[in-house]
Each structure stands twice: as C-alpha cells, then as structure tokens.
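Peer 1: Below: sequence and its predicted model.
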Amino acid sequence: MHDQNSLLDGAALKLRIRELGKTLGFAEVGVSRAEPGPAIAHLQAWLAAGMHGEMDYMARHAQLRAQPQELHPGTVTVICAAIDYLPHRKHVTDPAQAAISRYAQGRDYHKVVRSRLQKLADAIGELAGPFGYRVFSDSAPVMEVEFATQAGLGWRGKHSLLLSQRGSWRFLGTIYCDLPLPPDSPMSDHCGSCTRCISACPTAAIVRPYVVDARRCISYLTIELAGAIPEEFRPLIGNRIYGCDDCQLCCPWNRFAHLGDSAFAPRHGLDTGSLTTLLGWTEAQFNERLAGNPIRRIGFERWLRNIAVALGNGPASAETHAALSARADHPSALVREHVGWARQRLHSRAAPEDAARPA
C-alpha cells in the first residue's frame, strides 16, 4: 500500500513520473482516474451486437474492464504510457510481396512495453516509497484507449484506435496503482469531418464512426480467427497476411508521425518478403525466425492459411503455382482448404485469358 507520507506531493510526483518515462523511451506519459465511465456502455453494446466474433475473452472479462479494482485491488489511478513504433514509411505495392502490419515486423511489443513499464514502476517506488501496482501491455482486460484518452495522450479516432497529433503508430501500456495522482485533462477530438479511415477499410469493418465490427476486420480474420476465413472476405484481404494498416495509412495525422523505437525495426525480411518465400518456410523455420515476434502467436497453420489466401489474390506465375502445389497435401485440413481455394481462384482468373488465345 502506498505510503501517504511520500516526500513528493501528487503533482510533483506526476511530473517526475513523466520525466522518468521519457528517459525510458516512452513518447508520452499521462495519468487518469481508474474510472472507465461511458466507455463501458459502448463496450457492452458492442458485445451485445456480437461484433467481437470468436474473441470470447472480450465478453468473459467485461466486468474486469468495467471495474479496475477487481483486476487489481486498491487501484485508484492509471498511469498511461505510449511508445512510437513506426518502423519505416515504405508501402507494399507489389501484390506478390507479403503485407504485414507494421507493428508486427519487429520484436514482440508485449515484452518490450511491459519491461519498460516495470522499470518505470521500480523508479516510481524509489521516489514514492512502496506502493501497490500492476503493469499491463495488451495482456489483460484493460480499457487502454479509454484511459489514454482521459490521460490526454490523444483521442479515439473513428477507426477506434488512439490518435494524436503525432499519429496513431503507437503502442500503449498502463500501470494500475494506488497512488492518488492528479489526473491529466483529456485532449479534444481533432478528426473533424474526416472519414478517410472508414472509406479506406477493405472489408467495410468500420460500420460507423468509432465502431469496428471485428468479424469483418482483416486483423481479426488473419490473427484472431482460428478456423476458415469466410470466402466472402478472402478476395478483399489482398496480400495482407497478418493484420491490416489501411485505416492508419490513410489518416492525415500520420503524416506527422515520427519514426519509432529501434526495438521494433523489421527482422527476417518481414518488410520485404515475397509470399512464395514465406509459404516455403518450414514449421521449424517459422518458430525459430519468429521467436520474440507477435506473429508466432497465431501458429504455423494460420500462417500458411493466410499466405495461401494472399497468393490466390495475386498474380499467377509458375512460382506461385509451384508454391501452392507444394502445400496441397499439407496434413492440416485448414491449410489444404485455403490452398485449394487459392489454386482454383488462380485457375478461374486465368481461364478467360487462356480461352482468348488463338489455337
């Protein structure tokens, strides 16, 4: 429990916490009360509409999101921190190249953010004395965007992500604690009448401003969904094999984004890899090369599933056909089904061209 006789008052301690956060590599640090407020009603309506799809944990732990004190007893304050991660400004324009969400091209952010939050908590303890806390980095039922909004780190964009005047290429982390720190003031919304993110979504997953139907979202389809990708969405996925950045790539505020922390620099050619090369990885190579990367969490089957769909959406070539043929008899029924779909799609698209050729 926090010692109320700390040498620093709340305002001074908050200032020092912000300074410490900057030295540890956080782009911004802010403070909010541990009260999610109206965001809980929006979450409940979203769940009631079934927009969470197969993410059962969203519904199962809804009460913990609503009551931070149940997740960590004694919590009165949420310290929110953001780390910039934009690894580069390259755009994937070649349909034969794999498009991987930029956040997943380097090290696993869960570990990086959590480690730095722990260092920040240790440093706070040296200033304030023993206090009760728990650190989180997208690893528990926490209303991260809501608290970050309250803490003045940005506002909720119409794509539902945290957005600031330095863009949205940021990871969020939180520290639940019993320190009675004065909260920061929320930042006003600066989206205005812009709806570019809504228009840019390939699957129309942003069903209205601030509401994303996960069941239509490419990030959900390529990461969270365990089984077969619905056929209606496969052609819309294009060459995206892990996540989707389209709603961020089109955002005007991201013109002002800074290149991010070097910890998230691309590894193993994930920013340049061809689909056929990645489909050729063995399971051992997948596990070895993606150790310490968030992609490894989806497992080898989903990796192959996603790449097969992307190849089916790309140009037909001898290399593409050979890569898919090599996986046609894969032990996994999930992989075989998506490889079969891709081969049939390539064949059906090529057939009219073949018919038009002179005998």
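Peer 2: Arrived safely, thanks for sending. Numbering: from 1, shown residues only.
Peer 1: Quick check: beta-bridge partners of residue 240?
Peer 2: residue 99 (DSSP bridges).
Peer 1: Tell me which helix or strand the closest residue to residue 276 other than its chain neighbours sits in.
Peer 2: Computed as Cβ to Cβ, 6 or more residues apart in numbering, the closest residue to residue 276 that is not its neighbour in sequence is residue 323, at 4.1 Å. From N, CA and C alone the C-beta is placed, and that goes for glycine too. Assessed by DSSP states H and E, residue 323 sits inside helix 318-325.
Peer 1: returning to that earlier point: the residue nearest to residue 276 against residue 280, yeah?
Peer 2: Yes. The criterion here is Cβ atoms under 8 Å, and residue 323 meets it with residue 280 at 6.3 Å.
Peer 1: Just want to know which of the two has more residues nearby.
Peer 2: Comparing residue 323 with residue 280 by neighbour count (other Cβ atoms under 10 Å), the higher total belongs to residue 323, at 22 against 14.
Peer 1: any idea of the pLDDT on that one?
Peer 2: On pLDDT, residue 323 comes in at 98.
Peer 1: Look up how far residue 206 lies from it.
Peer 2: Counting by Cβ to Cβ, to the nearest Å, the separation of residue 323 from residue 206 is 33 Å.
Peer 1: SS state for residue 346?
Peer 2: helix (DSSP: H, G, I helix; E, B strand; the rest coil).
Peer 1: Counting neighbours, what do you get for the spatially closest residue to residue 90 that is not a sequence neighbour?
Peer 2: The shortest distance from residue 90 to any non-neighbouring residue, by Cβ to Cβ, 6+ apart, is to residue 271 (6.5 Å). For residue 271, the neighbour count with other Cβ under 10 Å is 19.
Peer 1: ditto for the one 10 residues further on
Peer 2: Residue neighbour count, defined by other Cβ under 10 Å, stands at 19 for residue 281.
Peer 1: Please tell me the pLDDT value assigned to it.
Peer 2: With respect to pLDDT, residue 281 has a value of 98.
Peer 1: my guess is residue 185 contacts residue 152, does it?
Peer 2: Yes. Counting by Cβ under 8 Å, residue 152 is a contact partner of residue 185 at 5.6 Å.
Peer 1: more crowded one of the two?
Peer 2: Between residue 185 and residue 152, residue 152 has the larger neighbour count (other Cβ under 10 Å), namely 18 against 10.
Peer 1: Give me the pLDDT for the more buried one.
Peer 2: 98.
Peer 1: Would you check how far apart it and residue 165 are?
Peer 2: From residue 152 over to residue 165 the distance is 12 Å, taken as Cβ to Cβ.
Peer 1: check contacts around residue 276.
Peer 2: By Cβ atoms under 8 Å, 6 or more residues apart in numbering, the contact set of residue 276 is 96, 311, 319-320, 322-323.
Peer 1: Show me how to select, in ChimeraX, the buried members of these.
Peer 2: The ChimeraX selection below is limited to those of the contacts of residue 276 classed as buried (16 or more other Cβ atoms under 10 Å):
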select :96,311,320,323
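Peer 1: And the residue positioned nearest the centre of the chain, how close does it get to residue 10?
Peer 2: For the chain, the residue sitting closest to the mean C-alpha position, by Cα atoms, centre = their mean, is residue 103 at 6.7 Å. Distance, residue 103 to residue 10, by Cβ to Cβ: 34 Å.
Peer 1: now do residue 349
Peer 2: Counting by Cβ to Cβ - residue 349 and residue 10 are separated by 64 Å.
Peer 1: just to revisit the earlier point, can you put the contacts of residue 276 in JSON lines and add distance to residue 139?
Peer 2: What follows is these, written out as JSON lines (distance: Cβ to Cβ, whole Å):
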{"residue": "96", "distance to residue 139": "35"}
{"residue": "311", "distance to residue 139": "33"}
{"residue": "319", "distance to residue 139": "40"}
{"residue": "320", "distance to residue 139": "38"}
{"residue": "322", "distance to residue 139": "41"}
{"residue": "323", "distance to residue 139": "35"}
